[in-house]
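Novice: model this:
(chains A and B)
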Amino acid sequence: MKKIAVASGKGGTGKTTVSLLLTLIASKKYKVQLVDCDVENPNCHIFLGSFPIKKEKIGVFYPVINLEKCSFCKKCQEVCEYNCLLVLDDNVLFFPELCHPCKGCLFVCPEGAIDEGKREVGDICWFRESDNIYFNYAVMDVGEARANPLIEELKKNLENDVDLIIFDSPPGANCPMVQAVNDSDYVILVTEPTPFGLYDLKIAWSVVNKLGIPAGIVINRDEGEDKIITDFSSQENIPVILKIPFSLEFARLYSEGVIKADFFPDIEEKMFNIIESI
Amino acid sequence: MKIAVTSTGGSLNAQVAPNFGRCAYFIIVNSEDMKFEPISNPGTGMMGGAGPAAARLINDRDCKVLLTGSVGPNAQSALKQFDIEVVTGVSGTVKEAVDNYLETQK
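Specialist: Have a look, this model is predicted:
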């Protein structure tokens, strides 16, 4: 089984476009699972036709302090890197939005005064698009601050009988992006040939490079003037694996929620080359 | 009585810092003799929860009053638990802030 993450620094460069094209094309030969890791704003499902076959709430740990047992020793407060527990003389304050949830407090409490609570933070959905396409996404509840527990839940629900898993990463180069690309075999960095695209590509590459994952660049909306990206590519020795030409018609269809895998005829072969080279 | 003031520097002439949890220094002033102690705020480098940690810090130093620009919601509830009086919207130098506060208490 191969795992490919599709990431970018800048938002709106075409991660979802590339993820969907890759999924649709790969499914001609392989069993594929597409995982939309952009839990703050998932959108792959807009382009796919199927309905969820299962939906579940995602809960994350939070400490429930049993004040009858608590000796107010402050060990939980000391271990918490995010200061989400405040031990007073006769009470313990908990700040749920600061909790990361590492369970450190549960581990160090000498009195067994901490119980495991569950707090709902969002939903995870399962789809079966076709015989060869599994699809999952998760979506955060309004008001939640942390995407990582949802991405973690998505990664716990990978299919065993597929040949290829594609992670559509959230934009940026922060914790959720790291969680989405981490443990994949290859990262596709999608960019556009603009100074903005290059700037954020550099940041995204610095993260992927540090994680030690091989990567290739996809230049989206290419109109021939892509020297700033190809210069960076040869300087850093990351291959440009695909160029997607700018097309108003493709963009118009996309804006209506339609993606056509055969719109650009020569992409198919290159996509299979990418998959087979991993 | 001890008064904590968030500050951009380590002296009474430094400006009051506009934020509580992530300010550079706390100046702890004793209102009886105006002696003061500057404390460098470990919260500037914290991963998160600098507000509640700062509340803990000034409570550990027996401060009864906090003078600052603004206080976040988490810090607010922690300060309330510690029964620390909070005055926000404060600006100018640390000394001016303390003098003005003491003036209102007369």
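
Novice: flag every residue of the stretch 1-150 of chain A that's near chain B.
Specialist: Listed as neighbours of chain B in the stretch 1-150 of chain A under the rule Cβ under 8 Å from any Cβ of the partner chain: A:77, A:80-84, A:86, A:88, A:91, A:93, A:95, A:97-98, A:100. Just so you know, the C-beta spots here come from the backbone N, C-alpha and C atoms, and that holds for glycine as well.

Novice: not counting sequence-adjacent ones, nearest residue to the residue of the stretch 1-150 of chain A found nearest chain B?
Specialist: Chain B sits closest to residue A:83 of the stretch 1-150 of chain A, with a gap of 2.7 Å, by Cβ to the nearest Cβ. Spatial nearest neighbour of residue A:83, chain neighbours left out: residue B:49 (2.7 Å); criterion: Cβ to Cβ, 6 or more residues apart in numbering or on different chains.

Novice: number of nearby residues for that neighbour?
Specialist: Neighbour count for residue B:49, taken as other Cβ atoms under 10 Å in any protein chain shown: 26.

Novice: residues contacting residue 72?
Specialist: No chain specified, so I'll use chain A. A:87, A:88, A:89, A:90, A:92 (Cβ atoms under 8 Å, 6 or more residues apart in numbering or on different chains).

Novice: try again with chain B
Specialist: Contacts of residue B:72 were listed using Cβ under 8 Å, 6+ apart, and they are B:20, B:21, B:51.

Novice: with residue A:94 instead?
Specialist: By Cβ under 8 Å, 6+ apart, residue A:94 lies in contact with A:62, A:63, A:65, A:84, A:85, A:86.

Novice: residue A:131: which of those residues is nearest?
Specialist: residue A:62 (40.4 Å; Cβ to Cβ).

Novice: before we move on, back to that, quick one: which of the contacts of residue A:72 sit in strands?
Specialist: A:87, A:92 (DSSP state E).

Novice: what about the helices in the chain?
Specialist: If you meant another chain, say so; for now it's chain A. Taking DSSP state H, the helices of chain A run over residues A:15-26, A:44-47, A:75-79, A:104-108, A:148-156, A:175-181, A:195-211, A:227-236, A:248-255, A:267-277.

Novice: hmm, no, I was thinking of chain B.
Specialist: B:50-60, B:73-81, B:94-105.

Novice: who does the last one touch, helix- and strand-wise?
Specialist: Spelled out, that is helix B:94-105. Here helix B:94-105 touches strand B:2-7, strand B:25-30, strand B:63-67, going by 3 or more Cβ pairs under 8 Å, 6 or more residues apart in numbering or on different chains; DSSP states H and E.

Novice: leaving out the residues flanking it, which one is nearest to the one residue in the stretch 151-278 of chain A that gets nearest to chain B?
Specialist: The stretch 151-278 of chain A approaches chain B most closely through residue A:175 (11.1 Å), counting by Cβ to the nearest Cβ. Nearest residue to residue A:175 in three dimensions, chain neighbours excluded: residue A:148, at 5.6 Å (Cβ to Cβ, 6+ apart).

Novice: domain ranges for chain A?
Specialist: A:2-58+A:127-277, A:67-112 (automatic domain parsing).

Novice: give the contact list for whichever residue of chain B sits closest to chain A.
Specialist: At 2.7 Å from chain A, residue B:49 is the closest residue in chain B, using Cβ to the nearest Cβ. Shown in contact with residue B:49 (Cβ under 8 Å, 6+ apart): A:80, A:82, A:83, A:84, A:95, A:98, B:74.
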